[in-house]
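>>> got a predicted structure plus its sequence, pasted below:
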Amino acid sequence: MRLEVQCKDRLGLTRELLDILASQNIDLRDIEIEKTGLIYLNFPEVEFDEFSQLMAKIRRIEGVMDVRKIPFLPSERRNTELLAVLSTLPDPVFSISLKGKIDNANQAVASLFNLDKETLIGQPASLLLPDFNITYWLEESHIRQRESMEIEGVNYVMEIMPVYITDDDNASILASAVVIIKPSIDSQQARPFLPESSNLGFEHFVGSSTKYKKLISQAKKLSDIDQSLLIQGETGTGKEMLARACHNASIRSGKAFMVVNCAAMPDDVAETELFGYAPGAFPNMPEGKRGIIEQADGGTVFFDEISEMSPLLQIKLLRFIQDGNFRRVGEEKEIHVDVGIIGASKKELLDLVEQGVFREDLYYRLNVLFLEIPPLRERPSDVATLFEFFVAQLCKELSIVKPSISEDVYDYLRSYSWPGNVRQLRSATLKALTQMDRNQLSTSHFMLPIADNNTNVININVDGTLDEIMKSYESNILSGLYSEFPSSRKLAKRLGVSHTAIANKLRDYGIGKK
């Protein structure tokens, strides 16, 4: 409970306020006094009758003009606003204490270094700046400094600045340091700081096509349902970003969102990473470890490229989804957690089930709710919208003025097939901005690979009977389209025929078999 007391500047008034709180056995948590005649009090909640008596006693103090209940103390409000501003900054920003520890960091820092934001606080700053002598800077230098750094092969610029406060004698004292990291101007591969790892919701999705609007509308509805969700989409369509938005719109939004990259997790470490291990389960590891599943209790686990999950891990995940129970490696006791499951795949899981690669029972456990992200080539009207969004975003990150763009650039981008989808469009935009001169962006600044148009579909073999010619022509068409629609279901949808008919023809012509 917080009170704002408006009063005159009178000696002993604050003392009388404190005496009233003490007389009612109210524990004062905090007090703030401003020169403008305002005193702020923070104390635990009290019953209504006791609060009414307290307000009456305060109002009877000589010099008190008004007293009212407020939601925050001034320092709390300023701190909350500062943290909110910090969290929304697109650039990675973190502060360092005089002891060389990380005091605070925004989500962009965690995304850039692929670390958990909460575990960063209190860690040595050398964890993020291994090649910078932070101890010397804090003790001797204190000057604003820019340094180049490399993160996962990409060049960035780190800028460290001193933070001074003024003491009672108006002397400046070093209080901390602030570090800002920006992509190097000449970097053509700098990744976005808030791509798929931020707490952004559906309002930040960009797209004007009917297909995309329908997808987002459906995703919003499914977010209200606490069931397993399967997201289907090609590489670069934003499956993780959509999964995060669904999590942030769900009842689990206040809890953890953990990402598991199934394609990059070998079997020998996958089980311990997911389910953890008991103390002493391995030599030289006396302490146990909580796995990803346990850390996400109450939240959501996102299994990226779940089609790549090994058969052994599929069995263990199925058992966990069935009842929420699991055992740490080397432990007999079962642990129960409440975790939401979102799976994503660029491959058609049902085709993998039919091939015996993916477990059918796990597929139906995952596919309770389903979302399919259409590729960019199927919604060309979104290309211009996304391009303009990326230009504005990247110009801010690169600290350059937004260029003038010729109309043929839009026509050129809309005519491209974008096999890498939204991710490729953003990357191509970044490269083009670093190539332009005289602040004019043209088609010559884009370096897009030539798409394979599968021209073999026009080669017709006229030898043989009409039936044989038609079959040869049909085989060529299906073979040419299969690389663009690499599953029987996608191809059937593209051609407007049944899945069974296409599956039979692909089998007859030997298309798609390894």
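That came through, no problem. Quantities reported herein were computed from a predicted structural model and do not represent experimental measurements.

>>> nearest residue to Val64 in space, ignoring adjacent ones along the chain?
Leaving out its chain neighbours, the residue that sits closest to Val64 by C-beta to C-beta, 6 or more residues apart in numbering is Cys7, at 4.8 Å. Using the backbone N, CA and C atoms, a C-beta is placed for each residue, glycine as well.

>>> give me the local confidence score for Pro90.
pLDDT, Pro90: 72.

>>> just the helices in the stretch 101-250 of the chain please.
Using DSSP state H, counting those that start in this stretch, the helices found in the stretch 101-250 of the chain span residues 107-113, 117-120, 134-136, 210-223, 239-248.

>>> just those: most buried one?
Highest mean neighbour count of the helices of the stretch 101-250 of the chain: helix 239-248, a mean of 23 (counted as mean count of other C-beta atoms under 10 Å).

>>> list the buried residues of whichever helix or strand comes after that helix.
Going down the chain from helix 239-248, the next helix or strand is strand 257-261, by DSSP states H and E. Using 16 or more other C-beta atoms under 10 Å as the test for burial, strand 257-261 gives Phe257, Met258, Val259, Val260.

>>> was I right to think Leu317 contacts Asp361?
No: using C-beta atoms under 8 Å, Leu317 is not in contact with Asp361, being 10.9 Å away.

>>> neighbour count winner among those two?
Per other C-beta atoms under 10 Å, whichever of Leu317 and Asp361 has more neighbours is Leu317, with 27 against 13.

>>> and that one, that's in a helix?
Yes: per DSSP: H, G, I helix; E, B strand; the rest coil, Leu317 lies within a helix segment.

>>> what's the closest of the helices of the stretch 101-250 of the chain to Ser498?
The closest of the helices of the stretch 101-250 of the chain to Ser498 is helix 210-223. By C-beta to C-beta, the value is 22.2 Å.

>>> now for that closest one, which elements pack on it?
helix 239-248, strand 369-372 (3 or more C-beta pairs under 8 Å, 6 or more residues apart in numbering; DSSP states H and E).

>>> what's near enough to touch Lys505?
Shown in contact with Lys505 (C-beta atoms under 8 Å, 6 or more residues apart in numbering): Glu474, Leu478, Ile511.

>>> now swap in Phe282 and tell me
If you count contacts by C-beta under 8 Å, 6+ apart, Phe282 has them with Gly330.

>>> can I get the helices of the stretch 101-250 of the chain in JSON lines with mean pLDDT?
Listed next are the helices of the stretch 101-250 of the chain as JSON lines, based on pLDDT from 0 to 100:
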{"stretch": "helix 107-113", "mean pLDDT": "82"}
{"stretch": "helix 117-120", "mean pLDDT": "82"}
{"stretch": "helix 134-136", "mean pLDDT": "87"}
{"stretch": "helix 210-223", "mean pLDDT": "89"}
{"stretch": "helix 239-248", "mean pLDDT": "91"}
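
>>> those helices into TSV, with extra columns for distance to Ile180?
Formatted as TSV, the helices of the stretch 101-250 of the chain follow (distance: least, C-beta to C-beta, whole Å):
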stretch	distance to Ile180
helix 107-113	10
helix 117-120	16
helix 134-136	15
helix 210-223	33
helix 239-248	24
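
>>> mind checking those helices for the one nearest to Glu388?
That would be helix 210-223 among the helices of the stretch 101-250 of the chain, by C-beta to C-beta, at 15.1 Å.

>>> chain center to that closest one: distance?
Chain-centre distance of helix 210-223: 19 Å, with C-alpha atoms, centre = their mean, to the nearest Å.

>>> next, the angle from that helix to helix 239-248.
40 degrees (axes from the mean of the first three to the mean of the last three C-alpha atoms, to 10 degrees).

>>> that'll do, ta.
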